[in-house]
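1. predicted model and sequence follow; I will ask about them next.
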Amino acid sequence: MRCRWKCLLGLGLAIIALNGILLLLSRQVFLDSFIRLERRQARETLQRGVGVYRGHLAFLKRLAGDWAQWDDAYDFMQSRDRRFLLSNVVDSTFTSLNLNVLVFLDEKGKIVAGKAFDLNKQSEVPIYAGLQQLFRDGWSQRVLRIHAQGVHGLVSLPEGSLLMALQPVLTGEGKGPPRGTLLMGRFLDPAELGRLRAKANLPFEFTRLESGPEWMPWTKTANPRPQILLRAVDSHRLRSRILLRDIWGQPAQALGVTLPREIYARGRQAMVYFHLGLLLFSIAAGSCIWLIWVRLVSSEQKQRDSESLFRHVFQNSVDAFFLCDANGRFLDANQQACRVLGRSRPDLLELGWADVADTSLEDARGAANVLSAARFLPCEVTMRGRRGQGIPAEISVSRVALLPQSYFFVLARDISERRASENMLREQKLKLDFLAYHDVLTGLPNRLKALELLQGAIARARNRNTTVAALLFDIDRFKNINESLGHVVGDQILMEVARRIQGVLRGSDVVARFGGDEFLVLLENPADGEGGRAVAQKLLEAMACPLQIGRHRFYLTGSVGISLFPQHGGDAQAILKAADNAMFHAKAQGRNTCRFFMPSLQVDVEARLNLETDLHRALEQQQFHLTYQPQFNLQTGSVIGLEALLRWRHPTRGLVPPDEFIPLAEDTGLIVPIGEWVLREACRQMVAWHRGGFPRLRMAVNISARQFRQSGFIDMVFRLLRHYGLEPGLLELEITERVVIQSAEHARNMLTILRQAGICLAVDDFGLGYSSLSYLRTFPFSKLKMDQAFSRNLADDACDRAIAEAIVSMGRTLGMEVVAEGIENALQLDTLRSLGCPSGQGFHLAQPMTAAETAAFLRGHPQGEFCPEELL
């Protein structure tokens, strides 16, 4: 008896613990679902209010668009005929359209005509001061430059929140050019708010953002998240707010609705009922279990009760159970088995295992023989439903011997969901494998896959004693397209190039995107005898067709490097390296061509890489220095200026010629810091000479194209002038014609700023390259430096003499000083003097000198007094 009461006490404690756990879980799950439903309803209600608000804005936009695309309004903006205003911009217009302001602005954002109207007082008022302040700031023009088709939204003014629409004034057909801007607006006053509430059938309100903790998610960041805030005021009310942005996209106001928490109250009530029912059920269940246990203990029917319990478990299991005889005929099945097969229990008992599975009766008997040792045999089979559909299942079979009969007990578990998950994982793995080995943009094999394919091709070629050709194709000047037009256009070009490359290849050939704008083509046992040259030519011809993307038309070219296995390497890395060297050589030969790898190319590339490394080190270790070549007045012999020339003294190679390292510095971008160092050193040396009492000569410094295109170039020049206290007129910047031709408008603006500051601007190497005379008129140059190519053969070549004479005459006519470069003998000097060339420089007059040598030279030959014999 004592055991019974202990069990009863334990059962009661278990029921209490179970109810406590379920109470906690229901609050987390059950009540939270009501809270989520309540919040979703609050969001939907709030969105309804937002829809009315946006519809109001859309109506105002359409209204402004109708007025702005009106021939009468378009004519008025040109004629300023006030009859248009007297007949259209009247009080009835404002009252009928519920407008507070209607203003016409000209192209500069100034008010042409307009009117403000107080709808409450039904009278005209002055145009609101806050709105006028926006017009004075040129706000409307900035907005329309961003939104050329017009814009509408909310604007916070001192007078209140204004719903506003801006539209360009066009013809009735919507054509331009625009003659101004039309602005329509209405305030969110109580009357307007009442109309919005009535239309939405919601008691919403508009609230300005404040600084309290309630508004912190919207006010503490520039791009607030979330857009909707929900806050329970108390247990009976829920307040929802959504962020409204102004016409600039900045947080402005909040639209809010306060609703009763009916769903939450119902959820709490339902939870109370649920727990009461659960408690009653637990008590009832506990009582049943108690009675059953009492019967099991006290009754002689223990065996039957045990069987009943087994039947309960058997019927309510989540797995399907089948009881079969020795021939596989069903003797019994639980409810889950009926659900899985879609059959009733009586129908199922008329069938056998072979009728519902993909195994025959003989197979079932064979399985019975295998299972004679009463072992379990888990395996997967396909069962058939009532409509013949396949149902994947995992089964376990056990043999039960009850003499003289034997039975088979089959446990089957539906694994359809597991199979679906496995299939999904398999598909995802295939997708990940594809992404790991293919380029997402073009769908071609990527660098990793290309290396794998090349290794496979080399292995096959080695076994078959054949050849593999690797063609590395690079789009010429693709970086310029990306930098100027953006990556979207660049991606479209890459996809089209990939399509064209695939179009010229055989089905057995392979093309891969090797990285950036490079593509690798693999040819196994190429058909032509030159190992891929014919294919390379086809690639170049395919690129020659113009490419149209949007409003841009491109004429693409490419450079192809070709390497062969086994001639140029024994593994994939060697073949790729050889192809890359050949491609680099093709670019160096002028691009739009193909080149085979040669061993000498490797030497050139390694030398270039070593030189690039040394160039980086030279800037860090201060291996550069400047030399200075005087410039003379050819008529008087006086020194009129100096040109700073960059020199590099390598620690092992000695003096490196500028034509070897300057182009490399341009390609690698090192010319920018090197050029800044040259300009800084030239300014520092000039100031040092001036403080030492030397003549205030002008210093000429060469500026590279890449350095000139840097966004901070002008600021850097002015910063150095201020730092050293140098007069701008003592600095001369030499720029080649190619620099100004590449981006004429941008170059003109930059040169104008420099010239207005007093800096002298010279055209270096004039006469070579484009030599366009139009830019001499449009660009603010003050000096022409005639290229030494025309000075070299003045005495022998009548054509060069005529060109030099024309340049001197043109400079005199345009008011530009002409400096002849490369004067190397007395005959050249006499000829230039006879042509009237005012100034020049060259080895015949003075060689480039170090700073110390230049100082000594200037001490011995003061400005205006130096006159070598050659000039007399």
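-> Looks like it arrived, so ask away.
2. mind listing the strands for the stretch 501-650 of the chain?
-> Under the criterion DSSP state E, counting those that start in this stretch, the stretch 501-650 of the chain contains strands at 510-515, 518-524, 547-549, 552-554, 558-565, 594-596, 624-633, 639-650.
3. need the winner for burial among those.
-> strand 558-565 (a mean of 26; mean count of other Cβ atoms under 10 Å). Where you see a C-beta, it was placed from the backbone N, CA and C, and this is true even at glycine.
4. between that one and strand 518-524, how big is the angle?
-> Using axes from the mean of the first three to the mean of the last three Cα atoms, to 10 degrees, the direction of strand 558-565 lies 40 degrees away from that of strand 518-524.
5. low-confidence stretches in the stretch 251-400 of the chain?
-> By pLDDT under 70, the weakly predicted segments of the stretch 251-400 of the chain are 262, 264-265, 269, 290, 294, 296-307, 309-316, 318, 359-378.
6. and the stretch 401-550 of the chain, by the same measure?
-> Segments of the stretch 401-550 of the chain classed as low confidence (criterion: pLDDT under 70) are 484, 527-531.
7. I'd like the strands of the stretch 501-650 of the chain laid out as CSV, including distance to Ala757.
-> Formatted as CSV, the strands of the stretch 501-650 of the chain follow (distance: least, Cβ to Cβ, whole Å):
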stretch, distance to Ala757
strand 510-515, 44
strand 518-524, 44
strand 547-549, 40
strand 552-554, 36
strand 558-565, 42
strand 594-596, 47
strand 624-633, 22
strand 639-650, 18
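8. between the ones you listed, which gets nearest to Asp106?
-> The closest of these to Asp106 is strand 552-554. By Cβ to Cβ, the value is 34.0 Å.
9. partners of Trp168 in the sheet?
-> Not Trp; residue 168 is Pro. Thr181 (DSSP bridges).
10. and the residue nearest to Arg591 when sequence neighbours are not counted, how far from Met543?
-> With sequence-adjacent residues excluded and distances taken as Cβ to Cβ, 6 or more residues apart in numbering, Arg591 is closest to Asp476, at 4.4 Å. When distance is defined by Cβ to Cβ, to the nearest Å, Asp476 is 9 Å away from Met543.
11. shared neighbours of the two, which are they?
-> Jointly contacting Asp476 and Met543 under the rule Cβ atoms under 8 Å, 6 or more residues apart in numbering are 556-558.
12. check what pLDDT Lys587 gets.
-> Per-residue confidence (pLDDT) for Lys587: 81.
13. the nearest residue to it once chain neighbours are set aside: what's it in contact with?
-> Excluding the flanking residues, the one nearest Lys587 by Cβ to Cβ, 6+ apart is Ser559, at 4.6 Å. By Cβ under 8 Å, 6+ apart, the contact list for Ser559 reads 473-474, 476, 583, 586-587, 591-594.
14. next, the angle from the helix or strand hosting Lys429 to strand 510-515.
-> Using DSSP states H and E, Lys429 maps to helix 416-437. Counting by the same axes, to 10 degrees, helix 416-437 lies at 80 degrees to strand 510-515.
15. helices or strands up against helix 416-437?
-> Contact here means 3 or more Cβ pairs under 8 Å, 6 or more residues apart in numbering; DSSP states H and E; on that basis helix 416-437 packs against strand 390-402, helix 447-464.
16. output the ones you listed as a markdown table; include the columns distance to Ala254 and mean neighbour count.
-> A markdown table is the format used below for the helices and strands packed on helix 416-437 (distance: least, Cβ to Cβ, whole Å; neighbours: other Cβ atoms under 10 Å):
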| stretch | distance to Ala254 | mean neighbour count |
| --- | --- | --- |
| strand 390-402 | 54 | 16 |
| helix 447-464 | 51 | 16 |
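17. hang on, the earlier thing: show me what the residue nearest to Lys587 bridges to in the sheet.
-> Asp474.
18. pLDDT value on it, please?
-> 90.
19. and for Ala851?
-> Here, the pLDDT recorded for Ala851 equals 91.
20. with adjacent residues omitted, what lies nearest to Leu520?
-> Phe514 (4.3 Å).
21. please report the distance of that neighbour from Leu444.
-> 9 Å.
22. same check on Ala17?
-> 63 Å.
23. between those two, who's got more neighbours?
-> Leu444 (21 against 10; other Cβ atoms under 10 Å).
24. check contacts around the nearest residue to that one once chain neighbours are set aside.
-> The shortest distance from Leu444 to any non-neighbouring residue, by Cβ to Cβ, 6+ apart, is to Arg513 (4.7 Å). Contacts for Arg513 (Cβ under 8 Å, 6+ apart) come out as 439, 441-442, 444-447, 494, 498, 519-520.
25. ok, now Leu485?
-> His552.
26. and if you look at the one 5 residues further on?
-> Gly490 makes contact with 478, 481-482, according to Cβ under 8 Å, 6+ apart.
27. which element is it on?
-> Assigned by DSSP H and E, Gly490 falls within helix 487-503.
28. what of Arg777?
-> Taking DSSP H and E as the definition, one finds Arg777 inside helix 774-778.
29. which other helices and strands contact the very next helix or strand once past that helix?
-> Sequence-wise, the next helix or strand downstream of helix 774-778 (DSSP H and E) is strand 783-786. If you count contacts as 3+ Cβ pairs under 8 Å, 6+ apart, strand 783-786 packs onto strand 760-766, helix 798-814, strand 817-820.
30. let's see it at 10 Å
-> strand 698-702, strand 731-736, strand 760-766, helix 798-814, strand 817-820, strand 839-840 (3 or more Cβ pairs under 10 Å, 6 or more residues apart in numbering; DSSP states H and E).
31. looking at the ones you listed, which is closest to Gly328?
-> Per Cβ to Cβ, nearest to Gly328 of these: strand 731-736, 95.2 Å.
32. alpha carbons of that closest one, as CSV, please.
-> Coordinates of the C-alpha atoms in strand 731-736 are reproduced here as CSV (Å, rounded to 0.1, in the frame of the first residue of the first chain):
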residue,chain,number,x,y,z
LEU,A,731,57.7,77.6,-61.8
GLU,A,732,57.3,76.3,-65.4
LEU,A,733,55.4,73.0,-66.0
GLU,A,734,56.2,71.2,-69.3
ILE,A,735,53.4,69.1,-70.6
THR,A,736,53.4,67.0,-73.9
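33. quick check: angle from that strand to strand 760-766?
-> Using the same axes, to 10 degrees: strand 731-736 against strand 760-766 is 30 degrees.
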